[in-house]
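Student: Turn this into a structure:
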Amino acid sequence: MGRHSLPDADATERGRSRPRVRRRTIAIATSLVLGVVAGAGAAAQSGLLPFAGSCEDSAVRIDLAASPDIAPAVKEVADRAREEGVRSDGQCMDVRVVARENHEVAELLATGSNSPDYEVWLPDSDVWAERIRGTGDGVPLTPAGNVAQTPVALAIVPSAGAELGWPRTTYSWADLTTAVTATDSVRLGSADPAHSATGLLALTSVSRSARRTGGPATDTAVAATARLLSQRVSDTDTEVVSTLARADTGEAAGDPARNQAVFLSEQAAFAYNAAAGDGIPDLRLFYPEDGSPMLDYPYELVDETDLSTDESRAATRFMALLTEPRSRAVLARRGFRMPDRPVDGALVRAAGGLAPQPFTAEGAAAEPPPRDAIQQTLGMWTITVQSARLTTVVDVSGSMQTPVPGRGTQSRLDVTRASLQKALDQFTPEDEIGLWEFATGLDGPNDYREVVPTDPLGPVGRPGNQRARLSKAFDDLAPVPNGATGLYDTTLAVYKKAQDTYVKDKFNALVVLTDGSNQDRFSISRSNLITELNQLSNPNTPVPLIAIAIGAEADLQEVDEIARATGGAGYQVSDPAEITSVILEAIMTVGQKGRATES
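Tutor: Got it, this is the predicted structure:
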């Protein structure tokens, strides 16, 4: 398998494939000789320090891709290790650190189609590693510890902070976001939650905080906040920092392109204030009282089974080096907290924090959001910022009358109806949703019937609109007593309709819910169906199929094979109540794969 690189500003690194350690010795020795000939000045300019002593012939090279915020500190440790001849099993370590955007690394590792050109990945959050593990197709990652941490908070310019009562007034995530978005004088920005762990963890915290307070329109309100946030979103953490208004230039009250508040890590705020250079923080930090999620900087060995013994041990040795006091001092100077260590008050003040804001480790740290909460937030974000056009296709065969274990007399269709009603609340007025049902004998010779055409939902609570029609149609879904599962003909018919009615600039997809395999012996065969879907699929009008197999009797392998012919995927739930979260997870996963393919 060939190795390929991610985009990099350094052209010499961009095209280099990663050879193994046994092939590196000559190349490393040659480069060192050339470095000596060129002089120490050239070595300093290239950023590679010479080895101490006679390490040239025994150095083990480790390529490490690091999150841009922590890469400079890690590179400083690596350069010192090279200069001092730090060894692993008697061999010097040649650790090469390159800054990589976390989402770019994650997208490539998630596909598993190419091997990366680095042995270690150090992203800013475990959410990236979990995303890769969740795909099932990604490059294997082996966790080896955590290097540093920093809480996610809300950074705000001084004038806006004073308006919101900083530092005396404390807020929950939901209350803080509401307070910021309720005034025209404070513009809130964020890095794209699909590309930024900071943005994702912040938005997940807002959503979870809002749900604790309850209310019938909670999900709609969170989606509305996401919609508002999407209007001022930046691609990465670095870009969102550049949108902040500088207090000393009058931008805080003027330029509408500037933000007065952004979701930001404490370390990023520390670096921003340090760059101002006058000793007075340009930013204030609000640490929500219901806890700040942490960026936790996991150290991941990449495809460890493909590493040589020397490489694996050297990579582990470098992780240990990063936890030593001198290395931790390097990280602390750049604004990072150390895991399981007291919080440095000077760091917090330099980042813009001040009591009584709950910034201590005990007062600010929140439990990591569960994976399903993060997946739901990503799904919600995807359909909020892009708008979705989904056609829901529901199995109403006789087997959907089967009771769900642990739910009394409720049948699979009963719980499916409730889940679809709940999922409806996740979508905005601009999203388009439709409904088909299917079973043999449903509509004369056809196994399927379009119940509600796919159209924009419209606002919540408005009688007679698409949302109201769908809600009633979900309630009216009823099983066909002797109906069998007519999956193949239905899938082909609804896919053709979705292609014919494709809407540009929306996330077009089909969501098929079934509790069985195809049982219509007069239908198209599976192989012919897949051939037809392959022929109908068009990269210019992508309509992935999200197939959800309900219950243990459903054939996950069958629906997954069919879905993958369209660029989609199959999922299985034991309880139909899980449908809502699976739909949102699938939207995020399939949407991310689609964007990675396009790029």
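Student: all strands in the stretch 201-350 of the chain, in order from the N-terminus.
Tutor: 233-234, 261-265, 284-286, 294-295, 298-302 (DSSP state E, counting those that start in this stretch).
Student: Which element, helix or strand, includes the residue positioned nearest the centre of the chain?
Tutor: Of all residues in the chain, the one closest to the mean position by Cα atoms, centre = their mean is Ala194, 4.8 Å from it. Using DSSP states H and E, Ala194 sits in no helix or strand.
Student: ok, it to Leu200 distance?
Tutor: Distance of Ala194 to Leu200, given as Cβ to Cβ, to the nearest Å: 8 Å. Just so you know, the C-beta spots here come from the backbone N, C-alpha and C atoms, and that holds for glycine as well.
Student: what touches both of these two?
Tutor: Jointly contacting Ala194 and Leu200 under the rule Cβ atoms under 8 Å, 6 or more residues apart in numbering are 378, 381.
Student: Any stretches of the stretch 151-300 of the chain with poor pLDDT?
Tutor: 214-220, 247-254, 279 (pLDDT under 70).
Student: what about 80?
Tutor: In the predicted model, the stretch 151-300 of the chain carries pLDDT under 80 at residues 183-185, 213-224, 227-228, 246-257, 277-281.
Student: At which residues are the helices of it located?
Tutor: Applying DSSP state H, counting those that start in this stretch to the stretch 151-300 of the chain gives helices spanning 158-163, 173-181, 197-213, 218-230, 237-242, 266-276.
Student: Need these in TSV (columns: mean neighbour count).
Tutor: Shown next, in TSV, are the helices of the stretch 151-300 of the chain (neighbours: other Cβ atoms under 10 Å):
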stretch	mean neighbour count
helix 158-163	18
helix 173-181	21
helix 197-213	23
helix 218-230	19
helix 237-242	19
helix 266-276	22
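Student: For Asp296, which of the ones you listed is the nearest?
Tutor: helix 197-213 (9.3 Å; Cβ to Cβ).
Student: Quick check: can you list the domain ranges of this structure?
Tutor: In the assignment given by automatic domain parsing, the structural domains of the chain cover 3-146+298-333, 151-296+341-369, 387-598.
Student: and stretch 320-337, how far apart are its ends?
Tutor: Length of stretch 320-337, first residue to last, Cα to Cα, to the nearest Å: 17 Å.
Student: Tell me the buried residues in that stretch?
Tutor: For stretch 320-337, burial by neighbour count (16 or more other Cβ atoms under 10 Å) applies to 321-323, 327-328, 330-332, 334-337.
Student: need the contact list for the residue nearest to Leu122 when sequence neighbours are not counted.
Tutor: Nearest residue to Leu122, sequence neighbours excluded (Cβ to Cβ, 6 or more residues apart in numbering): Ala66, at 4.3 Å. Neighbour list for Ala66: 74-75, 97-100, 121-122 [criterion: Cβ under 8 Å, 6+ apart].
Student: Which ones among those residues map onto helices?
Tutor: 74-75 (DSSP state H).
Student: Output the contacts of Ala66 as JSON lines; include the columns pLDDT and neighbour count.
Tutor: Listed next are the contacts of Ala66 as JSON lines, based on pLDDT from 0 to 100; neighbours: other Cβ atoms under 10 Å:
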{"residue": "Val74", "pLDDT": "98", "neighbour count": "26"}
{"residue": "Lys75", "pLDDT": "98", "neighbour count": "19"}
{"residue": "Val97", "pLDDT": "98", "neighbour count": "25"}
{"residue": "Val98", "pLDDT": "97", "neighbour count": "20"}
{"residue": "Ala99", "pLDDT": "97", "neighbour count": "17"}
{"residue": "Arg100", "pLDDT": "96", "neighbour count": "25"}
{"residue": "Trp121", "pLDDT": "98", "neighbour count": "26"}
{"residue": "Leu122", "pLDDT": "98", "neighbour count": "25"}
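Student: and which of the contacts of Ala66 is nearest Asp414?
Tutor: Distances from Asp414 to the contacts of Ala66, taken by Cβ to Cβ, are shortest for Trp121, at 45.1 Å.
Student: Just say which of the strands of the stretch 201-350 of the chain is most tucked in.
Tutor: Among those, strand 261-265 has the highest mean neighbour count (mean count of other Cβ atoms under 10 Å), at a mean of 29.
Student: what comes into contact with it?
Tutor: Contact partners of strand 261-265, identified using Cβ under 8 Å, 6+ apart, comprise 69, 124, 150-157, 160, 180, 186-191, 198-199, 202-203, 237, 240-241, 243-244, 272, 283, 285, 295.
Student: Next: stretch 395-404.
Tutor: 409-416, 437-440, 442, 477-487, 512-516, 519, 550-551, 553, 575-576.
Student: got the buried residues for that stretch?
Tutor: Neighbour-count burial for stretch 395-404 [16+ other Cβ under 10 Å]: 395-402, 404.
Student: Surely the residue nearest to the centre of the chain touches Thr384?
Tutor: No - judged on Cβ atoms under 8 Å, Ala194 makes no contact with Thr384 at a distance of 11.0 Å.
Student: Tell me which stretches of the stretch 451-599 of the chain form strands.
Tutor: Under DSSP E, counting those that start in this stretch, the stretch 451-599 of the chain gives strands at 507-514, 545-550, 569-573.
Student: Only alpha carbons, please: show the longest one as CSV.
Tutor: Written as CSV, here are the backbone C-alpha positions of strand 507-514 (Å, rounded to 0.1, in the frame of the first residue of the first chain):
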residue,chain,number,x,y,z
PHE,A,507,-28.0,17.1,1.6
ASN,A,508,-30.2,14.8,-0.5
ALA,A,509,-30.6,11.3,1.0
LEU,A,510,-33.0,8.4,1.5
VAL,A,511,-33.7,6.8,4.9
VAL,A,512,-35.1,3.3,4.6
LEU,A,513,-36.4,1.6,7.8
THR,A,514,-37.0,-2.1,7.6
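Student: Report the angle between that strand and strand 569-573.
Tutor: 40 degrees (axes from the mean of the first three to the mean of the last three Cα atoms, to 10 degrees).
Student: partners of strand 507-514 in the sheet?
Tutor: According to DSSP bridges, strand 507-514 has the following sheet partners: strand 388-395 (parallel), strand 545-550 (parallel).
Student: now, of these, which is deepest in the fold?
Tutor: strand 545-550 comes out most buried of the strands paired with strand 507-514 by mean count of other Cβ under 10 Å, with a mean of 27.
Student: Give me the contacts around it.
Tutor: So strand 545-550 is contacted by 395, 412, 416, 491, 495, 509-515, 533, 555-556, 559-560, 562-563, 565-566, 568-573, 576, 579, 582-583, 586-587, 590 (Cβ under 8 Å, 6+ apart).
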